[in-house]
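Enquirer: Sharing a sequence plus its predicted fold:
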Amino acid sequence: MEGRIFVISGPSGTGKSSIIKALRNQVNGLGYTISHTTRAPRSTEQEGVDYHFVDRDRFLRMIDSEGFVEWAEVYGHLYGTSFCSLNEQMSEGSDVLLDIDSQGADHVRSRFESSVLVYVLPPSLEVLEKRLRERGTDDENTISRRMDEAIREIKNCTRYDYVIINEDLECAIEHTKAIVVSDRCRTKRNERLIRDRFGIRVP
Ligand code: ADP
Ligand code: 5GP
(Lines give C-alpha, C1' and ligand atoms only; values in the text may rest on other atoms or scores of the structure.)
(Ligands and ions follow the chains in the order given, each with its own letter.)
Protein backbone atom coordinates (compact mmCIF):
# COMPACT_ATOMS: atom_id res chain seq x y z
CA MET A 1 0.00 0.00 0.00
CA GLU A 2 1.44 3.36 -1.03
CA GLY A 3 1.94 5.87 1.80
CA ARG A 4 -0.28 8.89 2.17
CA ILE A 5 0.58 12.41 3.32
CA PHE A 6 -1.70 13.83 6.03
CA VAL A 7 -1.25 17.57 6.50
CA ILE A 8 -2.28 18.85 9.94
CA SER A 9 -2.69 22.64 10.18
CA GLY A 10 -4.26 25.08 12.58
CA PRO A 11 -3.32 28.17 14.57
CA SER A 12 -0.54 27.94 17.11
CA GLY A 13 -1.86 26.55 20.41
CA THR A 14 -4.85 24.76 18.86
CA GLY A 15 -3.49 21.33 19.84
CA LYS A 16 -1.76 19.98 16.69
CA SER A 17 1.32 18.67 18.50
CA SER A 18 -0.81 17.04 21.21
CA ILE A 19 -2.96 15.26 18.61
CA ILE A 20 0.03 14.21 16.49
CA LYS A 21 1.92 12.83 19.49
CA ALA A 22 -1.06 10.68 20.53
CA LEU A 23 -1.70 9.48 17.00
CA ARG A 24 1.88 8.37 16.51
CA ASN A 25 1.64 6.32 19.71
CA GLN A 26 -1.69 4.79 18.81
CA VAL A 27 -1.53 4.13 15.06
CA ASN A 28 1.05 1.86 13.42
CA GLY A 29 2.90 2.90 10.29
CA LEU A 30 2.48 6.62 10.87
CA GLY A 31 5.63 8.72 10.41
CA TYR A 32 6.23 12.38 11.12
CA THR A 33 8.49 14.80 9.27
CA ILE A 34 10.74 16.96 11.43
CA SER A 35 10.74 20.45 9.92
CA HIS A 36 13.60 22.93 9.80
CA THR A 37 13.04 26.29 11.44
CA THR A 38 14.89 29.52 12.17
CA ARG A 39 12.80 30.00 15.36
CA ALA A 40 14.67 29.57 18.66
CA PRO A 41 13.90 26.34 20.53
CA ARG A 42 11.40 26.53 23.42
CA SER A 43 12.63 25.21 26.76
CA THR A 44 10.69 21.97 26.22
CA GLU A 45 11.98 21.35 22.70
CA GLN A 46 14.88 19.20 21.51
CA GLU A 47 16.99 19.49 18.37
CA GLY A 48 16.15 16.71 15.92
CA VAL A 49 13.02 15.70 17.84
CA ASP A 50 10.70 18.73 17.58
CA TYR A 51 12.57 20.59 14.83
CA HIS A 52 15.95 20.98 13.20
CA PHE A 53 16.87 24.43 14.52
CA VAL A 54 19.04 26.28 12.00
CA ASP A 55 20.11 29.87 11.41
CA ARG A 56 18.69 31.98 8.58
CA ASP A 57 21.80 31.59 6.37
CA ARG A 58 21.67 27.83 6.52
CA PHE A 59 17.93 27.89 5.78
CA LEU A 60 18.44 30.20 2.76
CA ARG A 61 21.18 27.90 1.45
CA MET A 62 18.79 24.95 1.69
CA ILE A 63 16.20 26.93 -0.30
CA ASP A 64 18.84 27.68 -2.98
CA SER A 65 19.84 24.05 -3.24
CA GLU A 66 16.17 23.01 -3.55
CA GLY A 67 16.29 21.08 -0.30
CA PHE A 68 12.66 21.83 0.63
CA VAL A 69 9.42 20.23 -0.55
CA GLU A 70 7.81 23.40 0.77
CA TRP A 71 8.77 26.28 3.03
CA ALA A 72 7.06 29.41 4.35
CA GLU A 73 7.52 32.39 6.61
CA VAL A 74 5.21 32.02 9.62
CA TYR A 75 5.06 34.43 12.57
CA GLY A 76 8.29 36.06 11.31
CA HIS A 77 10.33 32.84 11.18
CA LEU A 78 11.15 30.44 8.36
CA TYR A 79 9.82 26.89 8.47
CA GLY A 80 10.28 24.14 5.89
CA THR A 81 9.81 20.44 5.15
CA SER A 82 12.97 18.97 3.65
CA PHE A 83 12.94 16.34 0.90
CA CYS A 84 15.30 14.34 3.12
CA SER A 85 12.90 14.08 6.02
CA LEU A 86 9.85 13.37 3.83
CA ASN A 87 11.63 10.69 1.77
CA GLU A 88 13.01 9.05 4.89
CA GLN A 89 9.49 8.70 6.32
CA MET A 90 7.82 7.59 3.08
CA SER A 91 10.50 5.20 1.82
CA GLU A 92 8.93 2.26 3.64
CA GLY A 93 5.41 2.98 2.41
CA SER A 94 4.39 4.58 5.73
CA ASP A 95 1.76 7.25 5.98
CA VAL A 96 3.22 10.50 7.18
CA LEU A 97 1.95 13.47 9.21
CA LEU A 98 3.09 17.01 8.37
CA ASP A 99 2.46 19.77 10.95
CA ILE A 100 2.65 22.77 8.59
CA ASP A 101 0.78 26.01 7.98
CA SER A 102 -1.77 26.64 5.24
CA GLN A 103 0.80 28.07 2.75
CA GLY A 104 2.75 24.81 3.13
CA ALA A 105 -0.47 22.81 2.78
CA ASP A 106 -1.16 24.45 -0.61
CA HIS A 107 2.34 23.57 -1.83
CA VAL A 108 2.09 20.00 -0.64
CA ARG A 109 -1.30 19.55 -2.29
CA SER A 110 0.03 20.88 -5.59
CA ARG A 111 2.98 18.46 -5.50
CA PHE A 112 1.11 15.48 -4.03
CA GLU A 113 -2.46 15.60 -5.25
CA SER A 114 -3.61 12.70 -3.09
CA SER A 115 -2.55 14.30 0.19
CA VAL A 116 -5.27 14.65 2.83
CA LEU A 117 -5.62 18.06 4.48
CA VAL A 118 -6.88 18.29 8.08
CA TYR A 119 -7.46 21.58 9.92
CA VAL A 120 -7.55 21.66 13.71
CA LEU A 121 -9.81 24.41 15.07
CA PRO A 122 -9.96 25.55 18.70
CA PRO A 123 -13.46 25.68 20.26
CA SER A 124 -13.17 29.51 20.19
CA LEU A 125 -10.57 32.27 19.91
CA GLU A 126 -10.88 32.90 23.68
CA VAL A 127 -9.98 29.28 24.42
CA LEU A 128 -7.08 29.44 21.95
CA GLU A 129 -5.60 32.44 23.77
CA LYS A 130 -6.02 30.70 27.12
CA ARG A 131 -4.20 27.61 25.81
CA LEU A 132 -1.33 29.66 24.42
CA ARG A 133 -0.98 31.38 27.78
CA GLU A 134 -1.26 28.20 29.85
CA ARG A 135 1.30 26.39 27.66
CA GLY A 136 3.78 28.83 29.18
CA THR A 137 6.25 28.70 26.28
CA ASP A 138 5.69 32.14 24.70
CA ASP A 139 5.97 35.70 26.02
CA GLU A 140 3.05 38.17 25.86
CA ASN A 141 4.32 39.77 22.63
CA THR A 142 4.54 36.42 20.90
CA ILE A 143 1.08 35.41 22.15
CA SER A 144 -0.48 38.63 20.89
CA ARG A 145 1.24 38.23 17.49
CA ARG A 146 0.08 34.62 17.24
CA MET A 147 -3.51 35.61 18.12
CA ASP A 148 -3.55 38.27 15.37
CA GLU A 149 -2.21 35.69 12.94
CA ALA A 150 -4.74 33.06 14.13
CA ILE A 151 -7.66 35.29 13.17
CA ARG A 152 -6.28 35.50 9.60
CA GLU A 153 -5.09 31.88 9.44
CA ILE A 154 -8.38 30.30 10.56
CA LYS A 155 -10.14 31.54 7.40
CA ASN A 156 -8.04 29.03 5.40
CA CYS A 157 -9.81 26.07 6.99
CA THR A 158 -12.38 26.15 4.17
CA ARG A 159 -9.73 24.82 1.74
CA TYR A 160 -9.15 21.69 3.84
CA ASP A 161 -10.74 18.26 3.41
CA TYR A 162 -11.54 17.86 7.11
CA VAL A 163 -11.90 20.04 10.20
CA ILE A 164 -11.39 18.78 13.74
CA ILE A 165 -12.72 20.87 16.64
CA ASN A 166 -10.30 20.31 19.50
CA GLU A 167 -12.57 20.86 22.48
CA ASP A 168 -12.02 17.56 24.26
CA LEU A 169 -8.53 16.30 23.36
CA GLU A 170 -9.41 12.59 23.46
CA CYS A 171 -12.33 13.20 21.13
CA ALA A 172 -10.13 15.20 18.72
CA ILE A 173 -7.56 12.37 18.73
CA GLU A 174 -10.29 9.80 17.97
CA HIS A 175 -11.67 11.89 15.09
CA THR A 176 -8.21 12.41 13.55
CA LYS A 177 -7.51 8.70 13.93
CA ALA A 178 -10.79 7.96 12.13
CA ILE A 179 -9.64 10.06 9.15
CA VAL A 180 -6.38 8.08 8.86
CA VAL A 181 -8.07 4.71 9.34
CA SER A 182 -10.88 5.38 6.85
CA ASP A 183 -8.35 6.54 4.27
CA ARG A 184 -6.49 3.24 4.70
CA CYS A 185 -9.73 1.41 3.89
CA ARG A 186 -10.18 3.17 0.54
CA THR A 187 -10.73 0.65 -2.26
CA LYS A 188 -8.04 2.34 -4.35
CA ARG A 189 -5.46 2.00 -1.57
CA ASN A 190 -6.20 -1.73 -1.33
CA GLU A 191 -6.19 -2.61 -5.01
CA ARG A 192 -3.07 -4.79 -4.80
CA LEU A 193 -4.48 -6.81 -1.90
CA ILE A 194 -7.83 -7.29 -3.71
CA ARG A 195 -6.01 -8.41 -6.87
CA ASP A 196 -3.55 -10.74 -5.11
CA ARG A 197 -6.07 -12.44 -2.83
CA PHE A 198 -9.16 -12.52 -5.03
CA GLY A 199 -7.90 -11.95 -8.59
CA ILE A 200 -10.17 -8.90 -8.92
CA ARG A 201 -8.87 -5.79 -10.64
CA VAL A 202 -9.96 -2.41 -9.30
CA PRO A 203 -10.83 -0.30 -12.38
P1 ADP B 1 -0.01 23.43 18.74
O2 ADP B 1 0.90 22.27 18.43
O3 ADP B 1 -1.19 23.50 17.81
O4 ADP B 1 0.71 24.73 18.84
P5 ADP B 1 -0.19 22.24 21.42
O6 ADP B 1 -0.43 20.78 21.12
O7 ADP B 1 1.18 22.66 21.85
O8 ADP B 1 -0.66 23.16 20.19
O9 ADP B 1 -1.27 22.66 22.50
C10 ADP B 1 -1.27 23.97 23.10
C11 ADP B 1 -1.61 23.83 24.59
O12 ADP B 1 -2.98 23.46 24.74
C13 ADP B 1 -0.79 22.77 25.32
O14 ADP B 1 -0.49 23.22 26.61
C15 ADP B 1 -1.73 21.56 25.35
O16 ADP B 1 -1.45 20.72 26.45
C17 ADP B 1 -3.09 22.23 25.48
N18 ADP B 1 -4.20 21.49 24.87
C19 ADP B 1 -4.23 20.82 23.68
N20 ADP B 1 -5.46 20.32 23.43
C21 ADP B 1 -6.24 20.65 24.49
C22 ADP B 1 -7.61 20.42 24.85
N23 ADP B 1 -8.45 19.74 24.05
N24 ADP B 1 -8.06 20.92 26.01
C25 ADP B 1 -7.24 21.63 26.83
N26 ADP B 1 -5.94 21.89 26.57
C27 ADP B 1 -5.44 21.41 25.42
P1 5GP C 1 5.47 26.68 16.10
O2 5GP C 1 6.45 27.82 16.10
O3 5GP C 1 4.29 26.95 17.01
O4 5GP C 1 6.12 25.35 16.36
O5 5GP C 1 4.86 26.59 14.62
C6 5GP C 1 4.34 27.74 14.04
C7 5GP C 1 3.60 27.40 12.76
O8 5GP C 1 4.53 26.94 11.78
C9 5GP C 1 2.54 26.31 12.89
O10 5GP C 1 1.39 26.77 12.17
C11 5GP C 1 3.14 25.13 12.20
O12 5GP C 1 2.15 24.30 11.60
C13 5GP C 1 3.98 25.82 11.13
N14 5GP C 1 5.07 24.96 10.63
C15 5GP C 1 5.88 24.13 11.34
N16 5GP C 1 6.73 23.49 10.51
C17 5GP C 1 6.43 23.91 9.26
C18 5GP C 1 6.96 23.60 7.96
O19 5GP C 1 7.87 22.79 7.78
N20 5GP C 1 6.40 24.25 6.90
C21 5GP C 1 5.39 25.15 7.04
N22 5GP C 1 4.91 25.70 5.92
N23 5GP C 1 4.87 25.46 8.23
C24 5GP C 1 5.38 24.86 9.33
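Expert: Sure, I can see it. Ligands and ions are numbered 1, 2, ... in the order given.
Enquirer: Near ligand 1, which residues of the protein are found?
Expert: 10, 12-18, 131, 134-135, 166, 168-169 (C-beta under 6 Å from any ligand atom). C-beta here means a position set from N, CA and C on the backbone, and glycine is covered the same way.
Enquirer: among those residues, which are within reach of ligand 2?
Expert: residue 12.
Enquirer: Which members of the residues of the chain next to ligand 1 are classed as buried?
Expert: Neighbour counting by 16 or more other C-beta atoms under 10 Å classes 10, 12-16, 131, 166 among the residues of the chain next to ligand 1 as buried.
Enquirer: Which member of those residues is positioned nearest residue 89?
Expert: residue 16 (17.1 Å; C-beta to C-beta).
Enquirer: list the contacts for that closest one?
Expert: The contact partners of residue 16, taken as C-beta atoms under 8 Å, 6 or more residues apart in numbering, are 8-10, 99, 120.
Enquirer: Restrict the residues you listed to the buried ones and give me that as a PyMOL selection.
Expert: In PyMOL, this line selects whichever of the contacts of residue 16 come out buried by 16+ other C-beta under 10 Å:
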select buried, resi 8+9+10+99+120
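Enquirer: which residue is nearest the centroid of the chain?
Expert: residue 99 (2.1 Å; C-alpha atoms, centre = their mean).
Enquirer: doesn't residue 17 make contact with it?
Expert: Yes: between residue 99 and residue 17 there is a contact under C-beta atoms under 8 Å: 6.8 Å.
Enquirer: so how far is residue 71 from residue 148?
Expert: Shown here: residue 148 relative to residue 71, a distance of 22 Å by C-beta to C-beta, to the nearest Å.
Enquirer: Give me the more crowded residue out of the two.
Expert: residue 71 (22 against 11; other C-beta atoms under 10 Å).
Enquirer: Go ahead and confirm the more buried one touches residue 64.
Expert: No: using C-beta under 8 Å, residue 71 is not in contact with residue 64; the gap is 11.5 Å.
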